[in-house]
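> Model the structure of this input:
(chains A and B)
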Amino acid sequence: SQKIEQNSEALNIQEGKTATLTCNYTNYSPAYLQWYRQDPGRGPVFLLLIRENEKEKRKERLKVTFDTTLKQSLFHITASQPADSATYLCAPLSSGSARQLTFGSGTQLTVLP
Amino acid sequence: EAQVTQNPRYLITVTGKKLTVTCSQNMNHEYMSWYRQDPGLGLRQIYYSMNVEVTDKGDVPEGYKVSRKEKRNFPLILESPSPNQTSLYFCASRGLGASQETQYFGPGTRLLVL
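Numbering: from 1, shown residues only, chains lettered A, B, ... in the order given. Sure, this is the predicted structure:
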């Protein structure tokens, strides 16, 4: 069955450092992979999408990589700030008729001042 | 402003009393879906719809119904709610196509079934 794993439920880092979050998937051949941010009690907010033919995508302090051989995506936040503290979700999306979007359980990031 | 709205935002009900949570989007999106989120279990898809009159089960459809009579609306119906349906519910929508994969979520509906 399809499975999405995100590294450790919680990740604490010091302000100014780079946070690296991992998303591994099995029994998937996603055409895209998305990353979302979720704050407590609120709906997830889209951050970045990376396609299977893209190795890396950047947006301001965010960087996403996508390795279809390793079946892994890495999500980096550089120069992290306390305001970056949230839960981050990855969601591989397979092309095809169903086009369901399934989410990983998320990594809770806390940036310490 | 592009948005997905849900109502009500908070709901307390009793076992067996039918309820409907409404969802509406203003982006002319074809695809809409419902998720529930529970501690330790993450977001799980209940139902989704590819377009008007086209709906399909997600991962946890038992105890829920949906309808898609209009493109903008996708209500979630609990015919006979039970305590195990106490959860945080999110509606979401997105376009279909290579450049429209961003999914927009509503603000959530927190449901307590006594």
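
> So which residues on chain A come close to chain B?
Counting by CB under 8 Å from any CB of the partner chain, chain A comes close to chain B at A:32, A:34, A:36, A:41-46, A:49, A:89, A:91, A:93, A:98-106. Using the backbone N, CA and C atoms, a C-beta is placed for each residue, glycine as well.

> Show me what B:Gln37 is bridged to.
B:Leu43, B:Leu88 (DSSP bridges).

> Report pLDDT for the residue nearest the centre of chain B.
For chain B, the residue sitting closest to the mean C-alpha position, by CA atoms, centre = their mean, is B:Trp34 at 2.8 Å. Residue-level confidence at B:Trp34 comes out at 97, pLDDT.

> residues touching the residue of chain B found nearest chain A, list them.
At 3.2 Å from chain A, B:Phe105 is the closest residue in chain B, using CB to the nearest CB. By CB atoms under 8 Å, 6 or more residues apart in numbering or on different chains, the residues touching B:Phe105 are A:Gly43, A:Pro44, A:Val45, B:Val4, B:Phe90, B:Cys91, B:Ala92.

> cool, A:Val64 as well?
So A:Val64 contacts A:Leu33, A:Trp35, A:Leu48, A:Ile50, A:Glu56, A:Lys57, A:Arg58, A:Ser73, A:Leu74, A:Phe75, A:His76 (CB under 8 Å, 6+ apart).

> Which of these fall within strands?
Judged by DSSP state E, the contacts of A:Val64 include A:Leu33, A:Trp35, A:Leu48, A:Ile50, A:Glu56, A:Lys57, A:Arg58, A:Ser73, A:Leu74, A:Phe75, A:His76 as members of strands.
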